[in-house]
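Here is a sequence together with a model predicted from it:
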Amino acid sequence: MITGIGLLALAAAVLVGGAELFAEHAAAAGRRLGLTALAVGLLLAGAEPEELVTGVLAAVRNRPGLAAGDAIGANLTMLTAALGLAALARPLPIGRRVRSYAVLSAVAGGLALAALAGGRVSRVEGALLLGAYAALVALIWWREREPPALGELAETGGEDDGRSPSLGLLLAVAGVGLMLLGGQAAVSGAVRVVEALGQDDTAVGLTLLALATTAELFALVWAAARRGASELAVAGVVGSAAYNATATLGAAALARPLVVSGLGWAAAAAAALPLVVVALAARRGRLGRPAGALLAAAYVAYVVVTLT
């Protein structure tokens, strides 16, 4: 048990390091393409390669409950614990554009729910989910293709840091390598926890594994809230929820068809949560401390229900 928890903690650190290394050099591409800061939040901060890598590795090792549970559990964790704790520290503004993308994220969650409804996600369904994410990227690209404002550019990292493209590519590849190592450690740690606690793969994937692989989003939301770029962080969570529901789940199923059960309620909750967040912020255009407390409490209840 202690070894499993230790592996999950180590995996979280390695995954965060690899994702940061990858994103630091991938983000420059987004800025040079003239996308808005909101698009950078949705597509770059929202893209969770560590989730995808972990899901694929779990699927290849024939642990479909860990793969699918992590994809759905990560969304539940981010949309309740990450946003809730951040809103408790500082109210999070949620503007009209972010609300519209939250609705699209809910649609993506609905696609994941439909794929999981039969208890099996085939390779064809996996490919369709990946196609849905590609379509979402194309839509965001079309809507947000404009030069970012000076303040937005500063929020996303400023001007080119002078590194050569070859070095940037090498460092991005190194980030992927770190994520592969972290994903292996995460799956191994989750398997040990499954054996020690007597829980099934799905329950551990929904809770402990999801918590380990979403460590980067917790750091992003917290840091952005402290620096006054809260809406960018919310966009990252919204984009990540769409990414996990389509790209992460789809890639895992494409690697190996997923046969899972008992995920319907969690997938339905994950699909509804973006709309719940929008509803909580509808009155004042922000997610206040009472809403944050409600979301954080919902996460605690969700973990208790899942593990018991």
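Arrived safely, thanks for sending.

what number of residues lie near residue 288?
Using other CB atoms under 10 Å, residue 288 has 17 neighbouring residues. All C-beta spots, glycine's among them, are computed from the backbone N, C-alpha and C.

State the distance from it to residue 92.
To residue 92, residue 288 is 8 Å away according to CB to CB, to the nearest Å.

go on, residue 240?
To residue 92, residue 240 is 15 Å away according to CB to CB.

Residue 292 too?
As judged by CB to CB, residue 292 and residue 92 stand 8 Å apart.

which neighbours do those two share?
83, 86 (CB atoms under 8 Å, 6 or more residues apart in numbering).

out of these two, which sits in the busier spot?
Neighbours per residue (other CB under 10 Å) separate residue 292 from residue 92, with residue 92 holding more: 25 against 22.

Do I have it right that the more buried one meets residue 234?
Yes - shown here, residue 92 and residue 234 form a contact pair, counting by CB atoms under 8 Å, at 5.5 Å.

Give the residues shared as contacts by the two.
Counting by CB under 8 Å, 6+ apart, the residues touching both residue 92 and residue 234 are 83, 287.

Please, where are all the strands along the stretch 201-308 of the chain?
258-259, 286-287 (DSSP state E, counting those that start in this stretch).

could those strands be laid out in a markdown table, adding mean pLDDT?
Listed next are the strands of the stretch 201-308 of the chain as a markdown table, based on pLDDT from 0 to 100:
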| stretch | mean pLDDT |
| --- | --- |
| strand 258-259 | 94 |
| strand 286-287 | 88 |
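
Just send those strands back as JSON lines, with distance to residue 115 and mean neighbour count too.
Listed next are these as JSON lines, based on distance: least, CB to CB, whole Å; neighbours: other CB atoms under 10 Å:
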{"stretch": "strand 258-259", "distance to residue 115": "9", "mean neighbour count": "22"}
{"stretch": "strand 286-287", "distance to residue 115": "29", "mean neighbour count": "22"}
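
out of those strands, nearest to residue 252?
Closest to residue 252 of the strands of the stretch 201-308 of the chain is strand 258-259 (CB to CB; 6.2 Å).

May I ask which helix or strand of the protein has the lowest mean pLDDT?
Ranked by mean pLDDT, DSSP states H and E, the weakest helix or strand in the chain is helix 150-155, scoring a mean of 39.

ok, the closest residue to residue 206 other than its chain neighbours - contacts?
Spatial nearest neighbour of residue 206, chain neighbours left out: residue 73 (3.6 Å); criterion: CB to CB, 6 or more residues apart in numbering. Residues near residue 73 by CB under 8 Å, 6+ apart: 205, 206, 207, 209, 210, 211, 266.

What about the fourth one, how many residues nearby?
Right, the one you point to is residue 209. By the measure other CB under 10 Å, the count of residues near residue 209 is 34.

Report the separation between it and residue 105.
Residue 209 sits 21 Å away from residue 105, taking CB to CB as the criterion.

same question, residue 71
As for residue 71, its distance to residue 105 is 14 Å (criterion: CB to CB).

between these two, who's got more neighbours?
Remark: of residue 71 and residue 105, residue 71 carries more neighbours, 38 against 33, as counted by other CB under 10 Å.

what's the spacing between residue 71 and residue 114?
From residue 71 across to residue 114, the span is 14 Å (CB to CB).

Kindly report the same for residue 93.
32 Å.

Show the pLDDT at residue 295.
The per-residue pLDDT reported for residue 295 equals 96.

Contact partners for residue 263?
Residues counted as contacts of residue 263 (CB under 8 Å, 6+ apart) are 68, 69, 72, 116, 202, 206.

tell me the phi and psi of it?
As for residue 263, its main-chain torsions (degrees, to the nearest 10) stand at phi -100, psi -10.

and it, what pLDDT?
91.

Flag the shaky bits of the stretch 151-300 of the chain, pLDDT-wise.
Along the stretch 151-300 of the chain, the model assigns pLDDT under 70 to residues 151-169, 171-173, 175-180, 182-187, 189-191, 193-195, 197, 220, 222-232.

any idea where the helices of it begin and end?
Listed from the start of the chain, the stretch 151-300 of the chain has helices (DSSP state H, counting those that start in this stretch) covering 165-197, 201-204, 210-213, 215-226, 230-243, 249-255, 264-281, 289-307.

now the stretch 1-150 of the chain
2-32, 37-39, 49-60, 64-77, 83-89, 96-116, 123-144, 150-155.

Turn the strands of the stretch 201-308 of the chain into a markdown table, including distance to residue 49.
Putting the strands of the stretch 201-308 of the chain into a markdown table (distance: least, CB to CB, whole Å) gives the following:
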| stretch | distance to residue 49 |
| --- | --- |
| strand 258-259 | 19 |
| strand 286-287 | 27 |
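
Residue 307 is nearest to which of those?
Nearest of those to residue 307, taken as CB to CB: strand 258-259 at 21.4 Å.
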